[in-house]
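In: below is the sequence, then the predicted model.
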There are 2 protein chains.
Amino acid sequence: MRREFRSLSVPEAAHQALDSLPLTGVEKTPLSQAHGRVLAERLTAPIDVPGFDRAAMDGYAVRARETFGASEAEPKRFPVAGEVHAGEQPPAELDPGEVHEIATGAVMPPAADAVIPVERTNEGETAVEILSAVAPGDNVMPRGADIAGGDRALGPGTRLGPRHIGLLAALGQETISVQRQPRVAIISTGEELVQPGDSLDSTAGQIYDVNSHSIAAAVRAAGGEPTIYETAADDYEALAETLGKAAEKVDLLLTSGSTSAGSSDLLYRLIEQEGDILLHGVSVKPGRPMLVGTVFDTPYVGLPGYPVSALTIFRVFVAPQLREASGRPEPPSATVSASLASRVRYDGGRLRLLPVGLVEAGDGSLVAYAPEKGSGATTTLVETDGIVRMPPEQNMLAPGTEVTVERFDPASPIPSLLGVGEPDPVLWEALDTVEHSRFLPLSQADTNRWLADGIPDVTVQAGRGDDSDRGTGSEIATWEREWGLIIPADNPQDIHDCADLTREDVQFANLSPALSLRSEFDRRLETQNVDSDAISGYHRELPGLASAAQSVAAERATVGIGLVETATELGLDSIPLGTQLLHVVAQPDRREKPSVAALERLLSDKLSG
Amino acid sequence: MRREFRSLSVPEAAHQALDSLPLTGVEKTPLSQAHGRVLAERLTAPIDVPGFDRAAMDGYAVRARETFGASEAEPKRFPVAGEVHAGEQPPAELDPGEVHEIATGAVMPPAADAVIPVERTNEGETAVEILSAVAPGDNVMPRGADIAGGDRALGPGTRLGPRHIGLLAALGQETISVQRQPRVAIISTGEELVQPGDSLDSTAGQIYDVNSHSIAAAVRAAGGEPTIYETAADDYEALAETLGKAAEKVDLLLTSGSTSAGSSDLLYRLIEQEGDILLHGVSVKPGRPMLVGTVFDTPYVGLPGYPVSALTIFRVFVAPQLREASGRPEPPSATVSASLASRVRYDGGRLRLLPVGLVEAGDGSLVAYAPEKGSGATTTLVETDGIVRMPPEQNMLAPGTEVTVERFDPASPIPSLLGVGEPDPVLWEALDTVEHSRFLPLSQADTNRWLADGIPDVTVQAGRGDDSDRGTGSEIATWEREWGLIIPADNPQDIHDCADLTREDVQFANLSPALSLRSEFDRRLETQNVDSDAISGYHRELPGLASAAQSVAAERATVGIGLVETATELGLDSIPLGTQLLHVVAQPDRREKPSVAALERLLSDKLSG
């Protein structure tokens, strides 16, 4: 019933299978769309530029030899026999002893061989005085002097920037032969997927479709042209119809999801019946259940369903093919070296593509760290910057190992500041003005461990004034926040104290133990001798600082815990129970880091203001 | 009549004038268009992700405590009371002593608190054997564990890459607040301009419109959204209509051309009457005649008409405004340090924005060189890589000066190979396979000078086996090419020799003295005692290696000089007059440079094959 992956292919076999799929080609694009594309063939200049001897200054077209001897003291005087502007045929050949008034860019009259600039003349009604001599060719750009017809103008492989677009325009090229921008269809599969913007029924296990959108952006970044097709149901006929329709229009079909052992049969069967399977299952982690083949005569790759896995497999196996086809190699900044902060263990057996985050240490070198959320977490997407490859035979990376990080998104900067610890609104607001900062909510224990491992620039910890539990580091800011019970406006249930929480008419909303407010609350219950098991909802732990307050606002609970500030924001009332001290602590050797210094200044201004 | 620029503003005043124009703002974009844009405001997670306790493996949902003690030796057996797939509501609460089959991504049934993976079970018809214990929470991602509603998800200023697009999708965001991508209208002015693809009348001084296209691409690279408007005639009413129409739709109006002293009156008058002139004339070279203001209530900048000047002024004054508005700072690679190869003289008085090319020296450092074509040449666009600023008071830069080069187009690689000298088809073909190579045709004298200044990687020179005139360097390839008189097929005029060229029925097409073929030809005339003045067309010098042959093919001439190979390509006949030896010579310290080594290999294969 459930398909097992009996023989996994090595990653090299996956690369080879993908290499065999025909994605490269040449296509025509109009000049207006050519920016950023890659020239497919040599461009030989079809015309001379300029196409005529061209005046390079405003002034008078002359026979140079007739100006010899002219000077300010002894100007030479010539009748002005004609006038020629840019975009006009010159009126006539220049007769000896005469000049034509001429504008920059105009065609030199036959027999004229130089231009005397207007600044070197005295203009009269019908004649002009020339105040200096010019040599033949002066202030004239001869036909073909810019580029001669028949000369090599641009080589194949040129990535067309604004300057090349300019030269293409100068040569009159309206249709440009460029390397194909492969058209890629993206089809997410799964009954549970809902498109962003539509409403979500979480009780029925619906989630928003992430992969269609992240992979579409990644296709674009690799030089492809993505089209998102409707999410296919887990149904053979529907899937076959969607893939068949898409195959007519694109160069590559990508699916994500439905390749896990549980439901891969459907796609596997479809590809087997309507095409060829080149490869099924690759010995990598994440991404084992990857499919490569052709279906409906179109190259096909099945990506895993988890967002981090899908993007990782795309990056490692598919993006290189698109980059090759579109002629856009990865920028040199796509790969960086970093020192691994903490030990990474791995049970081995497959090539591990380990997602890591990056942060700049005090000495400017990069530190890589591996967050512990799984590949199922979408936040891992923005909390990591790339992958480190661990060969199958390797089951440990020691702290301090120099690793090569293949960045997910070299166009995005490496975070300027990494903060970890207790979430807090004051900090969030400060971070909004530190560009490219990153903050990861972590429990107090994890926070201290990360600080000791030299990972974050700053940590945020809540305490009651007791310094012993904040690890080593130098404090750069501290402030108080008030917390308490969050209740609907006007306190309809007449709640005054923790003792009221055990009442039968009270439905409580609790917070996760990873949040320090929860520990404060538990201590308070103990002090007041309130039995937590008697509180309805106590064991239902909500994840975020504002989650319990939101439950009250949504009338899913009648009382919760949270910050007094959050209650006010949501239009709720609160019963203050205490204050917490927040401490922002910096790695001692990173206090001078510009982002840390900026954060310290910002918090100091904010807290004193 | 002609407007002089009496009081030029300093460049800082131009920056200030541009700073005062309102380009920044916030706009909404659909998720599908958000890749590469910059988030305008903080995104707070509106929902928990996942929105429910989610199975992280395929297997069985259990009450963890009921599995305690299970092992392979002593499996525990449970009836399977239900089944839940992704995207479904769980059938019922899990009763004590039962399990539900569950798929990855499905909602955990109420009262279940862990998933036992299918691999740790023996499946039966209606019951399952569980082979190991799980702890509460195992293989379950609790609601909000990825991100909790109310938490800060992304900060303002985030440049949206594929990963951020993924998180936005996960949070259900279909409409994203991003920094405005300023809409920019581009209007080239000039009666002489023709759009690429249309036919060109060179005798009437027509040229292709370059600036509309190069500036549109540069606008896009700086984060703006360009629209090219029809080229406006040099006519007040037409110009006013075009600008007025465009002003309704865009955030910034750009014109190019018509700002030179000769024809600036028109634009100046128009801006003065329909808007405000903030600044007219800036003390920079190139670009003095720059206009900044507003017209029809829309910010306006008038760029110079010459392509290099237009792109330079855009890069220095306009691009920073667009980058600021769109939130896309220049990449760090936009500025590089280089050592100047040759002396640059400058008459001073204005800030000089000197276009320079870049090449990598033998030791990997960058060398900058200033080609001598003026800003009127469109080839300067692709033969240079950026600008060096020379302050007004500076009138010389010595060789070896360390300069800062502001690159025109950091997305394009710095050339991998720089060749200069005699154009030749064999070399062109070899260059087609050296990626990102650059070749500048130069006369022999210039070629030797550039080689001595340490600029090119390789030079190409034609000679007759005499080594004395090829400067210093090590030869990496040499070959022969045959040249002669190019005549129509079947030689209708019965030409046999240079002596025939003086016949009255012959119209000759000559080549520029910058080409070595011309010198060969002149020597031949001398040897044969042919009077060049008696040859009709001798003084009409054509610019490119193939130009004379093309004249014969187009029946503008009856005989010309050129390569025998060119005659064959064009379906013409030829009368061979001699052979030339081509020499490719490398800078001695760059023979190991990968591109030079590749060229040497390519030429060796080609010439031996």
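Out: Looks like it arrived, so ask away.
In: give me the nearest residue to A:Thr227, chain neighbours excluded.
Out: Excluding its sequence neighbours, the residue lying closest to A:Thr227 (Cβ to Cβ, 6 or more residues apart in numbering or on different chains) is A:Ala185, at 5.4 Å. In this view, the C-beta of every residue, glycine as well, is placed from N, C-alpha and C.
In: roughly how far apart are that neighbour and chain B?
Out: According to Cβ to the nearest Cβ, to the nearest Å, A:Ala185 and chain B sit 14 Å apart.
In: so what pairs up with that residue in the strands?
Out: With DSSP bridges as the criterion, A:Ala185 is bridged to A:Thr227, A:Leu253.
In: need the pLDDT of it.
Out: Note on A:Ala185: pLDDT of 97.
In: likewise for the one 3 residues further on?
Out: Per-residue confidence at A:Ser188 stands at 88 (pLDDT).
In: can you pull the contacts of it?
Out: A:Asp209, A:Asn211, A:Ser212, A:Thr231, A:Ala232, A:Thr255, A:Ser256, A:Gly257, A:Gly305 (Cβ atoms under 8 Å, 6 or more residues apart in numbering or on different chains).
In: check A:Gln580 too.
Out: A:Gln580 makes contact with A:Ala462, A:Gly463, A:Arg464, A:Glu480, A:Arg481, A:Trp483, A:Ser516, A:Leu517, A:Glu520, according to Cβ under 8 Å, 6+ apart.
In: run a quick neighbour tally on the second one.
Out: Residues contacting A:Gly463 under the criterion other Cβ atoms under 10 Å in any protein chain shown number 17.
In: with adjacent residues omitted, what lies nearest to it?
Out: Nearest residue to A:Gly463 in three dimensions, chain neighbours excluded: A:Leu581, at 5.7 Å (Cβ to Cβ, 6+ apart).
In: and the one you found, that one's in a strand?
Out: Yes - A:Leu581 forms part of a strand when assessed by DSSP: H, G, I helix; E, B strand; the rest coil.
In: in the sheet, who's paired with it?
Out: Counting by DSSP bridges, A:Leu581 forms beta bridges with A:Gly463, A:Glu480.
In: per-residue pLDDT, it?
Out: In this model, A:Leu581 is scored at 93, pLDDT.
In: could you check how far it is from A:Asp424?
Out: Shown here: A:Leu581 relative to A:Asp424, a distance of 11 Å by Cβ to Cβ, to the nearest Å.
In: now for these two: what residues contact both?
Out: Common contacts of A:Leu581 and A:Asp424 (Cβ under 8 Å, 6+ apart): A:Ala462.
In: pLDDT below threshold where in the stretch 401-550 of chain A?
Out: Along the stretch 401-550 of chain A, the model assigns pLDDT under 70 to residues A:464-472.
In: count the residues that sit near the residue of it found nearest chain B.
Out: Nearest residue of the stretch 401-550 of chain A to chain B (Cβ to the nearest Cβ) works out as A:Gly544 at 2.5 Å. Using other Cβ under 10 Å, A:Gly544 has 24 neighbouring residues.
In: enumerate every residue touching it.
Out: Counted by Cβ under 8 Å, 6+ apart, A:Gly544 has contacts A:Pro423, A:Leu511, A:Leu515, B:Ala45, B:Asp48, B:Gly144, B:Ile147, B:Ala148, B:Gly149, B:Gly150, B:Asp151.
In: so the residue nearest to A:Gly463 touches A:Trp479, yeah?
Out: Yes - assessed by Cβ atoms under 8 Å, A:Leu581 is found in contact with A:Trp479 at 7.5 Å.
In: what lies in contact with stretch A:71-84?
Out: Here stretch A:71-84 makes contact (Cβ under 8 Å, 6+ apart) with A:55, A:60-62, A:66-67, A:69-70, A:90-92, A:94-95, A:97-103, A:106-107, A:109, A:122, A:126-133, B:205.
In: sitting in strands, which of the residues you listed do you find?
Out: A:55, A:60-62, A:99-102, A:122, A:127-130 (DSSP state E).
In: of those, which is the nearest to B:Thr379?
Out: Top of the list for closeness to B:Thr379, among these and by Cβ to Cβ, is A:Ala55 at 19.0 Å.
In: hey, what's the closest one bridged with?
Out: The partner list for A:Ala55 in beta bridges (DSSP bridges) reads A:Val140.
In: wait, it touches A:Pro109, no?
Out: No - assessed by Cβ under 8 Å, A:Ala55 is found out of contact with A:Pro109, at 9.6 Å.
In: please say which of the two ends up with more neighbours.
Out: With neighbours defined as other Cβ under 10 Å, A:Ala55 and A:Pro109 compare such that A:Ala55 has more, 30 against 24.
In: so what's the more buried one up against?
Out: Counting by Cβ under 8 Å, 6+ apart, A:Ala55 touches A:Ala61, A:Val84, A:Ile102, A:Ala103, A:Thr104, A:Gly105, A:Ala106, A:Val107, A:Met108, A:Val115, A:Asn139, A:Val140.
In: neighbour-wise, which of those residues leads?
Out: Ranking the contacts of A:Ala55 using other Cβ under 10 Å puts A:Ile102 first, with 31 neighbours.
In: excluding its backbone neighbours, what's nearest A:Glu600?
Out: That would be A:Ile476: by Cβ to Cβ, 6+ apart, it lies 4.2 Å from A:Glu600.
In: what's the spacing between the one you found and A:Ala430?
Out: Where A:Ala430 is concerned, A:Ile476 sits at a distance of 11 Å (Cβ to Cβ).
In: of those two, which one has the most company?
Out: Set A:Ile476 next to A:Ala430 and count neighbours by other Cβ under 10 Å: A:Ala430 wins out with 24 against 18.
In: surely the more buried one touches A:Leu599?
Out: Yes - using Cβ under 8 Å, A:Ala430 is in contact with A:Leu599, at 6.0 Å.
In: the worst-scoring helix or strand of chain A on mean pLDDT and chain B in contact?
Out: Using mean pLDDT, DSSP states H and E, the weakest-scoring helix or strand in chain A turns out to be helix A:264-274, at a mean of 83. No - judged by Cβ under 8 Å from any Cβ of the partner chain, helix A:264-274 and chain B are separated, with a smallest distance of 10.8 Å.
In: for that helix, buried residues please.
Out: A:Ser264, A:Leu266, A:Leu267, A:Tyr268, A:Leu270, A:Ile271, A:Glu274 (16 or more other Cβ atoms under 10 Å in any protein chain shown).
In: surely the third one and A:Leu239 touch.
Out: Translated: A:Leu267. Yes - using Cβ under 8 Å, A:Leu267 makes contact with A:Leu239 at a distance of 7.1 Å.
In: and the helices in chain A?
Out: Using DSSP state H, the helices found in chain A span residues A:11-19, A:162-170, A:211-221, A:236-247, A:264-274, A:307-313, A:319-326, A:379-383, A:425-431, A:444-452, A:516-527, A:547-553, A:564-569, A:594-608.
In: the ones you listed: which one's closest to B:Thr447?
Out: Distance to B:Thr447, taken as Cβ to Cβ, is lowest for helix A:162-170 among the helices of chain A, at 22.4 Å.
In: so which elements touch the closest one?
Out: When contacts are defined as 3 or more Cβ pairs under 8 Å, 6 or more residues apart in numbering or on different chains; DSSP states H and E, helix A:162-170 packs onto strand A:152-154, strand B:207-208, helix B:211-221, helix B:307-313, helix B:379-383.
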